[in-house]
Every structure is written in structure tokens, then in C-alpha cells.
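> got a sequence here, can you build the structure:
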Amino acid sequence: LVVCGDFYHESGFAGARTLLSRPKPPTVVVAMNNAMSLGALAYIKEKALKIPGEISFAGFGDIFNRELLYINPTIVSQNPRQVGKLMGELIMRRVADKTATPISAMVPSQLLIGDSVQRLS
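Residues are numbered from 1 along each chain as shown. Predicted structure coming up:
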């Protein structure tokens, strides 16, 4: 199940509401950036769902001060400085050569295991 959002807190909240209001809700919510993660977690907390007992949660992107949250979310951590540097280089390449062929690039990520995902037996 996929709910599209705009990478802001409000769309994370709305996306979690959409998913978790289904007759058969999913067992996990995965948010695609830190702002949407906080929005989704706000909705889950508002509904008093227990993480990871009733719903599991994971997100992409570092959540600033995540140690202050009511849970320690599992996240995929990406180095924003490295992402920005790569994007800048790709933009400058395109500006210098309008005929440059598009390339695909990957930035190394790190999975930080928290306590927000239910262990499956």
C-alpha cells in the first residue's frame, strides 16, 4: 500500500491516518523522510497505538533529537551533506554540458535499528 505525500509533517500524519483507517490496516508504516516520520508518529500516538505491539514503524532520514521521542524509531540514515554534494556536482555537470546523459547515483546509507519494529517469529 502506498500513500503519496509532499514530504511534510502534515502528509505523514494524513498518510498514516489513511493507512491505519483501512478495514484491514497494515502491520507497519514506513515514512519516506524525517518530517513525514514525525507526522506519522504523531498520528499513531494520537490513536494510542502501541509501537511495536500493535503497529511497527520505520522511516528514511535522520530524525533530529530522535532520542527525545516516545519510541526509538528504526530508520535508514543518510548523510545529507553527502547527498547535497552529489546533487550539486550533478547539477553543475548538467549546466556545463546540456547534452550530458542522465546518470544514476547512490549514496551509502546505514540502517539504525530502534525499538519500533515487531520481531517476527
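
> where does the prediction get shaky in the chain?
Flagging of the chain using pLDDT under 70 yields an empty set of residue ranges.

> any chance you could map the strands in it?
28-31, 56-60, 74-78, 109-112 (DSSP state E).

> pull the longest helix seen in the chain out as CSV, backbone CA atoms only.
When the chain is parsed with DSSP state H, its longest helix is helix 80-96. In CSV, the C-alpha atoms belonging to helix 80-96 read as follows (Å, rounded to 0.1, in the frame of the first residue of the first chain):
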residue,chain,number,x,y,z
PRO,A,80,22.6,14.9,4.0
ARG,A,81,25.9,16.6,3.3
GLN,A,82,27.0,13.8,1.0
VAL,A,83,23.6,13.8,-0.8
GLY,A,84,23.8,17.6,-1.2
LYS,A,85,27.4,17.4,-2.5
LEU,A,86,26.5,14.8,-5.1
MET,A,87,23.4,16.7,-6.2
GLY,A,88,25.4,19.9,-6.6
GLU,A,89,28.0,18.0,-8.7
LEU,A,90,25.3,16.5,-10.9
ILE,A,91,23.6,19.9,-11.4
MET,A,92,26.9,21.6,-12.3
ARG,A,93,27.7,18.8,-14.7
ARG,A,94,24.3,19.3,-16.4
VAL,A,95,24.8,23.1,-16.5
ALA,A,96,28.2,22.7,-18.1
